[in-house]
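[1] give me coordinates for this.
(chains A and B)
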Amino acid sequence: MREYLIRRLLFLIVVLLGISIISFVVINLPPGDFLTTYITNLEARGIQVDAEIARALRTRYGLDQPLVRRYFTWMGNLLRGDFGESFVYNRPARDVLFARIPMTALLALITLIFELAVAIPIGVYSAVKQYSIGDYIATVFGFIGLAIPNFLLALVLMFFFFHTFGVLPGGLFSPEYRDAAWSFARVMNMFRHLWVPVIVIGTAGTAGTIRVMRAMLLDELGKDYVKTAISKGVPKWKVIFRHPFRVSLNPIISTIGWLLPAIISGEAIVSVVLNLPTTGPVMLEALRSQDMYLAGSFVMMLSVLTVIGTLVSDILLAVIDPRIRYESKA
Amino acid sequence: MACEMLPIPTASEYTMNSMNSDEILKIEALHVTFSTERGPVRAVNGVSLSLKRGEVLGVVGESGCGKTVTGRSIIRLLSEPQAQTPQGSIVYRPRIGEPVDVLKLEQFGKEMCHLRGKEIAMIFQEPMTSLTPVYTVGKQIMEKILTHADVDKAEARAQALELLKRVGISAPEQRIDEYPHQMSGGMRQRVMIAIALACDPQVLIADEPTTALDVTVQAQILALMRDLKSNMNSSILLITHDLGVIGEMADSVAVMYMGRVVEYADSVTLFTKPRHPYTRGLFRSIPLLTKNETSRLEPIAGTVPEPYAVPSGCPFRTRCPHAMPVCEKHDPPPVVTRDGGTVRCWLYNDTDPEGST
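    Have a look, this model is predicted:
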């Protein structure tokens, strides 16, 4: 197991290096750079930018240097924890990023809990009472939930909200709390707003998890070991939860690691629609305005979390499924 | 293994009055019907059997003859939508308390869960898939002990260890913490037997316990079961398609064909004087070392009829070399033979089915 982990970690470094090269190149691929966009914007507003100043700015930000050189500078700084400057915000990219991560992580976590808490019981019921009315209702809900794009659901919910209550449920706080210091009232205010994004973001995941839970459990319910457990005289629900349910949880537990990247991407489009203070909108804006270092930081963070998430998934799977643990050892 | 007894509630006196005190399990007129897309299938069609204390009763027949369904009905293991709840009666006589008809109990009720495992245990055909993959074998044995006996975990573990020793697993202290996938098929079947033996059940239902195993391992498992039988005085219902296994283990034998018992006799009688044409066909179709080497094996003519279209009268008549006109019209009732067995065949029945009374 330890050898396996070390091997995986070494491999992880290689993968991340590869990702960093590709993402750096891709970010730099569109013609021009941040200054071109910036200057064009200024010129559109009728402000002439001196070519001399533009060149000076380029030198200052290192934009005049060849791509390879810039990559190494960026990587070198990154390893020292310096993510570079954000042109748009005029602040270190790291600060921009980390200012929004706590809220994004909180939202992701609550959404995850919501998803599992709703989906697992419904999935279990659906499988145990296959072809019952409840199962059909869950199935229909599952397909609808999977089929509706999240941002559309967000728009519909907002419309519904505005129509009935006359309030827009955008953001996570009411205006008076938006910039206030943390207090009990602010937390309560947040939870009052939180349920809309949680439902919007969680619907598709819940629907998907119900389907996975149902299919996995149905698969396991027919297995021979369930008959063994029943024949031991264990009561029905104990049999279901201890044996087939426990086995069918494996894929669900093991994919929890994949949710790590969601903490950063933060459901970008939904966040834009609902005006949430998460990382998603910032990332979109950074990519659009060629805010190179900020965009690069986002892409790298996403990659790191994806790779780590996958590793966490594999470790989780090895922990919960003895068959896998011993196979990797062999 | 001190497992506590719970009082068993009294059930109907239906079959119980006819039950001898040496009979521990009595199945009467058992019917199980499965509804399939092509129509209802009568998997078990009026099976009556009785298992005596300390006896090994072999149930033999081809695939699909209803022997497994019969075995599973006893502990209500079939998934039971209303349509396929077994009909008839299966009366079990516990060590203490009144006889109970298991078909009258709620499938997952308290009494049924107590009977299952504690009183009547089962060994399955597929040791490779019959253990839960995510728990150690020790935990799976302990689960049963902890379900039925009022002991703590340490005591349950000690009992599990003892059971593993009893079924002949080497290095049980190490094996008890291993997972099923780390064991061979024969070893897993030993674990299954250990689970079955936990809490000293009175009846053991062994459904093709050796079919999935190598021949050498089969012999070991059979030897183990014989040992256990002589040491613990419990009764075994041995379900198999293998006449060799029956010959080695069984005291008496029920031959099943298309969901019914066509012949029942003690083992010696059945092997020396098979009566029913189907039983005789079975013996002619297996190689015997005592047979003249030049004699050829004779398969039974034809194939088992589709379960959706059971022939009228005797279900075996389409393949029977002795078929008579009466076989087509009337299903032969069981006839008691001189040796105390029963046979369902018009060859042995003098009564006139068309008779006025």
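[2] buried set for stretch B:313-325?
    Using 16 or more other Cβ atoms under 10 Å in any protein chain shown as the test for burial, stretch B:313-325 gives B:313-320, B:323. (C-beta placed from N, C-alpha, C; glycine too.)
[3] which of the residues you listed sit farthest apart?
    Farthest apart among the buried residues of stretch B:313-325 by Cβ to Cβ are B:313 and B:319. That separation is 13.0 Å.
[4] keeping just the C-alphas, turn stretch A:2-10 into PDB.
    Taking C-alpha atoms only, stretch A:2-10 is exported to PDB below (Å, rounded to 0.1, in the frame of the first residue of the first chain):
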ATOM      1  CA  ARG A   2       2.700   2.500   0.900                       C
ATOM      2  CA  GLU A   3       4.700   1.700  -2.200                       C
ATOM      3  CA  TYR A   4       1.600   2.100  -4.200                       C
ATOM      4  CA  LEU A   5       1.000   5.500  -2.700                       C
ATOM      5  CA  ILE A   6       4.600   6.700  -3.300                       C
ATOM      6  CA  ARG A   7       4.400   5.500  -6.900                       C
ATOM      7  CA  ARG A   8       1.100   7.300  -7.300                       C
ATOM      8  CA  LEU A   9       2.400  10.500  -5.800                       C
ATOM      9  CA  LEU A  10       5.500  10.500  -8.100                       C
END
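[5] quick one: which of the buried residues of stretch B:313-325 is nearest to residue A:82?
    Taking Cβ to Cβ as the measure, residue A:82 sits nearest to residue B:315 out of the buried residues of stretch B:313-325, at 85.5 Å.
[6] and the closest one, what pLDDT?
    We have a pLDDT of 90 for residue B:315.
[7] so how far is residue B:129 from residue A:267?
    From residue A:267 across to residue B:129, the span is 41 Å (Cβ to Cβ, to the nearest Å).
[8] leaving out sequence neighbours, find the closest residue to the residue in the stretch 201-330 of chain A that chain B sits nearest to.
    Nearest residue of the stretch 201-330 of chain A to chain B: residue A:233, at 3.2 Å (Cβ to the nearest Cβ). In this structure, residue A:233 finds its nearest non-sequential neighbour in residue B:117, 3.2 Å apart by Cβ to Cβ, 6 or more residues apart in numbering or on different chains.
[9] do I have it right that the one you found meets residue B:201?
    Yes. Between residue B:117 and residue B:201 there is a contact under Cβ atoms under 8 Å: 6.9 Å.
[10] okay, those two: which has more neighbours?
    With neighbours defined as other Cβ atoms under 10 Å in any protein chain shown, residue B:117 and residue B:201 compare such that residue B:117 has more, 28 against 24.
[11] and whichever helix or strand residue A:192 is part of, does that touch chain B?
    For residue A:192, the host element (DSSP states H and E) is helix A:184-221. No. Using Cβ under 8 Å from any Cβ of the partner chain, helix A:184-221 never reaches chain B; the gap is at least 9.0 Å.
[12] off-centre distance for stretch B:236-245?
    8 Å (Cα atoms, centre = their mean, to the nearest Å).
[13] the helices in chain B, which residues?
    Taking DSSP state H to define them, one finds helices in chain B at B:67-74, B:110-114, B:137-148, B:153-166, B:172-175, B:185-197, B:215-232, B:243-249, B:267-272, B:277-284, B:325-329.
[14] buried ones in the longest one?
    The one in question is helix B:215-232. Quick answer for helix B:215-232 (16+ other Cβ under 10 Å): B:217-218, B:220-222, B:224-225, B:228-229.
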